[in-house]
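>>> I would like the atomic coordinates for the input below:
(2 chains)
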Amino acid sequence: MLRRREFHVLVAFCAAIFCGLFGFVWTTRVSAQSADLPPGPIQSKVQTACMECHDARIIVQQRLSKKAWTKEVDKMIKWGAVVDPKDRDAFIDYLSLNFPPDKPPEPMPRVSAKK
Amino acid sequence: MATTRRDFLRIVPSALAGASVLHPALSWAGSDEVYVPGKEGMIVRSARFLDLEMPMEVLKTWITPGPHFFVRNHMHEPSTLDASTWALTISGEVENPLALSLADLKKLESHTVINTLECAGNGRAFQQPHVPGVQWERGAVGTARFSGPRLRDLLHRAGVKSTGKHVMFRGLDEVPGKVPAFIRSIPIEKATDADTLVALEMNSAPLAKHHGFPARALVPGWIGAASCKWLTEIKVLDKEFEGNFMKPGYRFPNQPVQPGADVNPDDTHPITALSVKSIIAAPIANATLRSRAVHIQGAAWAGEADITRVDLSTDGGSTWQPVQLGREQSKYAWRLWSYSWHAPRSGEYTILSRATDSQGRAQPASAAWNPSGYLYNAIDQVKIHVET
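Predicted coordinates:
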């Protein structure tokens, strides 16, 4: 098992080597941990709390009312998501604002062909 | 919280691969590549946990090839699974508890069932109002040839006591945090049916990892969740198993409910067999066709019942014509169907398909809404644009 922090350090380390070797400018995704979720004041906390067990796709594909998002957040907290009780309402607001019922469906990627 | 080494291995190469194509204009979601060996082209509903949907353009054969078979995981796949030390235990309300190795299971008489496996949540994306869960469209379904010993032969060896009424399956899914384990049960009558298997093979090859290697339950005609993957424990119980994936999970309201209404879990029952359903695989929804000769095709299935007919409408439901059902058939397996149509002129068309089964059930105009969007089976509908 690899702890998440070690994982991040390792990724950053690999990224550094990779950039060094190939002269890449490493901008998105791996170094910027917030690339998965849309911007917002609580984004980085949602990123940390909600990406422990699964990636962001399962969240961004939902189209739910505030009532339904409230149930989801409470279910995930019961299942082990670490959310400061002070932040619970902000999580619900952020998710209801970004993934409401009337938003068009999220396009989902395809499994890519082998590189 | 821990990231498994396997996740690490999967994420890093895809992130590196993605780096070469990253572009600032790409949206914040789905810009990373997901590489799952042997599953190229599948729709990624979730990469971690892995949930892959079959795209309709590959639904062309009665038996779904492994690479196109959908994957539905509730949590992480087992990160280490050594077939040489793996064992399947049978305990609970039995005279002789057993522990069987893979070699033991392979020595038993093998039986084959061609089964259409469908996730109970297939079609959830079409529910209105929307409900939480993996937003499957049409492709969380596939048909394969499953082989392995009959579950009833194993239960017979263990000697089920008269108190044994339900059979519980536990898989080796890795449970994160305080998430409840993936454990469900089926009634003893279905467990001892001659077609219920402990499957070791799928399409004549050992089960692939994503499909439950080395062994899975195969409960034909029932929702996919009944066919527990990475099976490691079978326990005979005197009553239905109580746990998240039996209640509130995978239940259906006893009475029709108003779309969007709350449902009391005590007024629901566990979902068992699949409903009657057809899907249109071609043309693809929203396709623009350059010819007025349109080949329409799809699949239809009905769980434990047989498909008796599929009707098609090319005028939004005003008139219906029976389609040609494919020759290949087997109890529990879907029927492919096709229809050749000549569009009278250029324009927009709505094509509808409606299956009817041997129990007299037909697909409804709108599916029975329920809070988790299970068993979506409304008449399928694709809009196309003919432009000649």
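>>> C-alpha from now on. contacts and neighbour counts both.
Fine.
>>> Just give the number of residues close to the residue of the stretch 201-350 of chain B found nearest chain A.
Nearest residue of the stretch 201-350 of chain B to chain A, counting by Cα to the nearest Cα: B:Gly260, 10.0 Å away. Per other Cα atoms under 10 Å in any protein chain shown, the neighbour tally for B:Gly260 reads 15.
>>> OK, contacts around B:Ile307?
By Cα atoms under 8 Å, 6 or more residues apart in numbering or on different chains, B:Ile307 lies in contact with B:276, B:300-301, B:334-335, B:355-358.
>>> try 6 Å this time
Each residue near B:Ile307 by Cα atoms under 6 Å, 6 or more residues apart in numbering or on different chains is listed here: B:356-357.
>>> Could you check how far it is from B:Thr85?
From B:Ile307 across to B:Thr85, the span is 43 Å (Cα to Cα, to the nearest Å).
>>> and what of B:Asp315?
Counting by Cα to Cα, the gap from B:Asp315 to B:Thr85 is 59 Å.
>>> Those two: who's more crowded?
B:Asp315 (13 against 8).
>>> Identify the residue nearest the more buried one in space, chain neighbours excluded?
Spatial nearest neighbour of B:Asp315, excluding adjacent residues (Cα to Cα, 6 or more residues apart in numbering or on different chains): B:Thr350 at 6.1 Å.
>>> Same check on B:Ser358?
B:Asp306 (5.2 Å).
>>> Got phi/psi on A:Tyr94?
phi -60, psi -50 (degrees, to the nearest 10).
>>> what about it, how many neighbours?
Neighbours of A:Tyr94 (other Cα under 10 Å): 19.
>>> Could you give the number of residues near residue 54?
This is for chain A. Neighbour count of A:His54, defined by other Cα under 10 Å: 17.
>>> right idea, wrong chain: chain B
26.
>>> okay, it: pLDDT?
With respect to pLDDT, B:Met54 scores 98.
>>> residues contacting it?
B:42, B:68, B:70, B:139.
>>> go on, B:Val219?
With Cα under 6 Å, 6+ apart, B:Val219 has these contacts: B:196, B:227.
>>> isn't the residue nearest to B:Asp315 right up against B:Val386?
No - counting by Cα atoms under 6 Å, B:Thr350 sits too far from B:Val386 to count as a contact (10.8 Å).
>>> who has more neighbours, those two?
Taking other Cα under 10 Å, B:Thr350 and B:Val386 do not tie; B:Val386 has more neighbours (19 against 16).
>>> Now do stretch B:188-208: distance to the chain's middle.
15 Å (Cα atoms, centre = their mean, to the nearest Å).
>>> Stretch B:149-164 too?
26 Å.
>>> just so I have it, where are all the helices in chain A?
A:4-22, A:43-50, A:57-60, A:66-78, A:88-98 (DSSP state H).
>>> Also the stretch 51-200 of chain B?
Under the criterion DSSP state H, counting those that start in this stretch, the stretch 51-200 of chain B contains helices at B:102-107, B:151-158, B:188-191.
>>> Mind listing what's buried along the last one?
Residues of helix B:188-191 classed as buried by neighbour count (16 or more other Cα atoms under 10 Å in any protein chain shown): B:188, B:190-191.
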